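> here's my sequence, what's the structure:
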Amino acid sequence: MSEKRAERLQVMLTQEEVHAVDEWRFENRMPSRSAAARALMNLGLSVQRSEDAKEALLYRPISSGEIGIVDNAPTVEAAIKPDCRPVILLADDDFLTGRGIGSMLEDMGYKVIGPVTTTDEAIIQCREANPIAAVLETTIGQERTDKLADELARRHIPYLFCTTSDLRRVLPERLWSSPVIDKRDVAANLPSAVTGMLATVAQGAKERLG
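Next comes the predicted model:
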């Protein structure tokens with residue numbers, strides 16, 4: 001399970017830095033200044049980790065004893081340990097906003113596949129990753145996500161739309177009654193929406209078995 005946000009970090013910024021954070025927040029439709037700052041920090045950390053990993057692979061000598069042998073170092077154990085968290089598929093072509101949504105879902109204890117940025121790839125992940133639920137935009141790239149929603153429904157995988165679009169203007173009529181939350185209010189509404197959606201599905205399954 002992902003670590004919960006229990007630490008408060010106080011950071012002093014210049015007016016210019018605050019303005020830059022706010023501009024990035026509004027450009028990427030982040031729900032709050034703190035969410036934008038957190039997303040930027042995570043983005044920076046992920047880039048740095050990627051660079052550090054490249055450096056390690058390029059310059060760290062590998063001994064013959066490491067070939068074919070896995071030691072019990074914590075980092076190695078963490079890498080090979082099965083990830084048993086329930087999977088949620090995230091389909092959204094707005095990468096930075098998608099990363100923010102994905103971070104929220106990970107904080108709730110889910111493993112997030114995505115943000116996936118094409119419907120074809122999302123359908124592949126739907127079939128291969130066995131998600132318990134999905135969070136979708138109404139369009140990714142130039143494609144509507146109704147084909148993906150149909151595939152999810154066929155597999156009895158619950159989903160909701162997280163978007164600023166009007167479903168009636170974008171999607172076919174059969175999807176107008178789908179659960180939807182406004183992406184501008186995602187911080188306040190996504191956790192309860194996902195929890196409620198899964199609880200409803202679980203209750204329905206229990207009633208069918210009972």
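> could you use CA atoms for every contact and neighbour count after this?
Fine.
> for stretch 36-45, C-alpha coordinates in PDB please.
The C-alpha trace of stretch 36-45 is given here as PDB (Å, rounded to 0.1, in the frame of the first residue of the first chain):
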ATOM      1  CA  ALA A  36       0.200  21.400  -8.300                       C
ATOM      2  CA  ALA A  37       3.300  21.800  -6.000                       C
ATOM      3  CA  ARG A  38       3.100  18.100  -5.100                       C
ATOM      4  CA  ALA A  39       2.800  17.000  -8.700                       C
ATOM      5  CA  LEU A  40       5.700  19.200  -9.700                       C
ATOM      6  CA  MET A  41       7.900  17.700  -6.900                       C
ATOM      7  CA  ASN A  42       6.900  14.200  -7.900                       C
ATOM      8  CA  LEU A  43       7.600  14.900 -11.600                       C
ATOM      9  CA  GLY A  44      11.000  16.300 -10.700                       C
ATOM     10  CA  LEU A  45      11.800  13.400  -8.400                       C
END
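> measure stretch 85-100 end to end?
End-to-end distance for stretch 85-100, by CA to CA, to the nearest Å: 19 Å.
> please spell out which residues along it are buried.
87-100 (16 or more other CA atoms under 10 Å).
> so is Asp150 in a helix, a strand, or just coil?
Following DSSP: H, G, I helix; E, B strand; the rest coil, Asp150 is assigned to helix.
> for the buried residues of stretch 85-100, which one is nearest Gln10?
Gly100 (20.2 Å; CA to CA).
> can you redo the buried residues of stretch 85-100 as JSON lines with secondary structure, pLDDT and distance to Glu137?
Formatted as JSON lines, the buried residues of stretch 85-100 follow (DSSP: H, G, I helix; E, B strand; the rest coil; pLDDT from 0 to 100; distance: CA to CA, whole Å):
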{"residue": "Val87", "secondary structure": "strand", "pLDDT": "95", "distance to Glu137": "18"}
{"residue": "Ile88", "secondary structure": "strand", "pLDDT": "96", "distance to Glu137": "14"}
{"residue": "Leu89", "secondary structure": "strand", "pLDDT": "97", "distance to Glu137": "11"}
{"residue": "Leu90", "secondary structure": "strand", "pLDDT": "97", "distance to Glu137": "9"}
{"residue": "Ala91", "secondary structure": "strand", "pLDDT": "96", "distance to Glu137": "6"}
{"residue": "Asp92", "secondary structure": "coil", "pLDDT": "95", "distance to Glu137": "5"}
{"residue": "Asp93", "secondary structure": "coil", "pLDDT": "92", "distance to Glu137": "8"}
{"residue": "Asp94", "secondary structure": "coil", "pLDDT": "89", "distance to Glu137": "9"}
{"residue": "Phe95", "secondary structure": "helix", "pLDDT": "81", "distance to Glu137": "12"}
{"residue": "Leu96", "secondary structure": "helix", "pLDDT": "84", "distance to Glu137": "14"}
{"residue": "Thr97", "secondary structure": "helix", "pLDDT": "88", "distance to Glu137": "11"}
{"residue": "Gly98", "secondary structure": "helix", "pLDDT": "90", "distance to Glu137": "10"}
{"residue": "Arg99", "secondary structure": "helix", "pLDDT": "89", "distance to Glu137": "13"}
{"residue": "Gly100", "secondary structure": "helix", "pLDDT": "91", "distance to Glu137": "14"}
